[in-house]
Every structure is written in structure tokens, then in C-alpha cells.
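Engineer: Here you go, sequence then predicted model.
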Amino acid sequence: MAQVMNPNAVPTQDTMPTPNTMPAPNAVPTQDTMPAPNTMPAPNAVPTQDTMPAPNTMIVEHFAAARVPTSYGGFVAHAYRSVADGEEHIAYVMAEVDGGAPPLVRMHSECLTGDLLSSLRCDCGQQLRAALAMIAQEGRGVLVYLRGHEGRGIGIGHKIRAYALQDVGLDTVEANEAQGLPIDSRTYGVGASILADLGITEMRLMTNNPRKLDSLEDFNLKITERIPIEIESNPENVRYLRTKRDRLGHTLTAAL
Ligand SMILES: [Zn+2]
């Protein structure tokens with residue numbers, strides 16, 4: 001049976017740690033004093049509230065900021081660099097967003113074909129432009145452009161391969177699965193850290209994706225309102241939008 005210590009007991013010579021059991025401050029760790037491997041967290045351990053990075057734990061560094069006039073209005077572009085992998089991300093900020101009413105925020109995942117190369121296979125480019133227009137109309141808000149999110153995290157090459165599989169009948173979820181790739185491997189810790197660095201704690205998030213709401217709330221960011229950002233479908237993306245609605249839980253109210 002374990003011996004219970006009297007909490008009021010005065011430490012005696014026997015219970016006081018002897019000075020020579022303490023490591024000297026400049027002692028070089030030896031095999032014996034190194035932490036045993038089993039004190040390290042398992043690599044596949046599920047993060048708990050205690051091990052999740054707090055939003056103010058900087059996993060990005062602010063790299064540079066400059067004025068960028070656009071056809072929608074004037075923004076300040078803030079460049080960030082992810083500490084973990086060196087990936088660079090950008091936040092377009094219009095007006096003062098540190099404090100005041102919760103600003104409009106779009107957390108946009110990079111899509112080279114949709115955002116830049118005029119593809120009609122998805123709605124990304126139209127959502128990007130609609131988000132910039134909505135921020136400009138309100139005169140205030142943030143668009144965070146997250147790199148490395150191509151094809152819900154599979155990369156441009158695998159995304160094009162997924163398109164080829166979709167052309168022989170698979171849907172967007174099945175096309176990732178057929179390549180042995182996750183359906184959605186995007187994470188929002190970097191985006192959450194960027195928002196925290198910009199001084200944002202509450203926001204009105206422009207998204208149709210409920211998973212994004214949950215992900216950001218995991219980082220102690222409060223979403224006061226979800227602003228839908230629905231784009232009119234076209235014959236090329238209607239199946240993709242139906243899959244997002246029916247298999248990925250996106251809130252799409254327009255008839256598809
Ligand atoms: Zn896209």
C-alpha cells in the first residue's frame with residue numbers, strides 16, 4: 001500500500017533531495033539523463049486540447065507587407081512563411097481589421113487551374129473573385145490565400161490525374177480514393193495563425209464548407225456568421241458541385 005505523506009511534514013535530511021542527484025546546469029546529457037524514448041509523444045497521437053497549438057503559437061512568420069491596388073480596390077498584401085515547411089502564403093487585407101466588428105474573411109485554398117487558368121471544372125476562381133468583390137463592397141475584410149491546398153491537398157499533378165479519372169466516371173471523392181489519396185487533407189492551422197497575427201479573433205466567414213467552420217473554431221477563432229458564397233453552376237462543374245453538396249457536406253442551396 002502506498003505510503004501517504006503528511007502534507008505538513010517538515011522535510012528532513014532523508015526526504016530532501018541530496019544536492020548531488022540534481023544535474024549540473026551545464027551538464028552534457030548522457031544516455032542516462034536523456035529522456036527515454038517512451039516519454040516522447042507517439043507520432044500518430046491524436047492532438048488533445050493540451051497539445052493543440054494555441055492560436056498565438058506562431059507557426060507562421062510575417063515576412064513582408066505592401067500595398068497592392070487591384071481592380072476591386074486597394075489591399076495590403078501580407079506575406080507569411082510557414083515555419084514548418086517554408087511554404088509562403090498571402091493575406092489581402094482591406095482597411096483596419098484588428099479590433100472593431102467581426103470582419104468578412106475568406107480562407108481560400110489555392111487552385112491553379114480554377115483561380116488562374118480559367119478552368120470551368122470547379123468554382124474556385126469564381127469564389128475567389130466573388131470574395132474579393134464582397135470585401136470591396138463592404139470596404140473591409142481579409143482574404144487568406146493558402147498555398148499547398150491544390151485539389152483538397154493532393155497537389156496539381158494528382159488533381160489533373162483525378163480529372164482524368166472523373167472523365168471515365170468517378171466523382172471527385174472517388175478519384176482521390178482511386179489514387180490512394182485522402183479525400184481532403186487540408187488543414188487550417190496556418191490560416192488560423194495568419195488571422196491571429198492580423199489581430200482577428202472573431203469573423204464572418206465566407207464559405208459553403210462546414211468543415212472549415214469547425215476547423216477554425218478548433219483554433220479558438222470565433223465565427224459569428226457564415227456568409228454563403230454560392231456560384232452559378234455550369235455544365236462542366238455541376239457534377240463536382242453536386243458531389244461537394246452530397247458527399248462533402250457543403251451547404252449549397254441553389255438547384256443543381
Ligand atoms: Zn478549383
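Structural biologist: Great, that's in hand.
Engineer: Quick check, central residue of this structure?
Structural biologist: Central residue of the chain (CA atoms, centre = their mean): Tyr188, 0.9 Å from the mean position.
Engineer: Hmm, that residue is touching Phe219, no?
Structural biologist: Yes - using CB atoms under 8 Å, Tyr188 and Phe219 qualify as a contacting pair, with a distance of 7.2 Å. Where you see a C-beta, it was placed from the backbone N, CA and C, and this is true even at glycine.
Engineer: Just say helix, strand or coil for Ala255.
Structural biologist: Secondary structure of Ala255, reduced to three states by DSSP: H, G, I helix; E, B strand; the rest coil: coil.
Engineer: Oops, could you answer that again for Leu170 instead?
Structural biologist: Secondary structure for Leu170, judged by three-state DSSP, is coil.
Engineer: The ion versus the spatially closest residue to it that is not a sequence neighbour, what's the distance?
Structural biologist: Closest residue in space to Leu170, ignoring its immediate chain neighbours: Ala178 at 6.0 Å, by CB to CB, 6 or more residues apart in numbering. In this structure, Ala178 and the ion are 19 Å apart, going by CB to the ion, to the nearest Å.
Engineer: can you pull the contacts of Leu80?
Structural biologist: In this structure residue 80 is Tyr, not Leu. Shown in contact with Tyr80 (CB atoms under 8 Å, 6 or more residues apart in numbering): Val60, Glu61, His62, Phe63, Glu88, His89, Ile90, Ala91, Val190, Ser193, Ile194, Asp197.
Engineer: any idea whether it is helix, strand or coil?
Structural biologist: With three-state DSSP as the basis, the three-state label of Tyr80 is strand.
Engineer: gap between it and Val144?
Structural biologist: The gap separating Tyr80 from Val144 is 9 Å, by CB to CB, to the nearest Å.
Engineer: what do these two both touch?
Structural biologist: His89, Ile90, Ala91, Ile194.
Engineer: pLDDT (mean, whole number) over the longest helix seen in the chain?
Structural biologist: Longest helix in the chain by number of residues (criterion: DSSP state H): helix 124-138. Per-residue pLDDT over helix 124-138 has a mean of 97.
Engineer: pLDDT weak spots in this structure?
Structural biologist: Along the chain, the model assigns pLDDT under 70 to residues 1-57.
Engineer: what does it have sitting close to the ion?
Structural biologist: Neighbours of the ion within the chain, by CB under 5 Å from the ion: Cys111, Gly114, Cys122, Cys124.
Engineer: farthest pair in those residues?
Structural biologist: Farthest pair in those (CB to CB) is Cys111 and Cys122. Separation: 6.3 Å.
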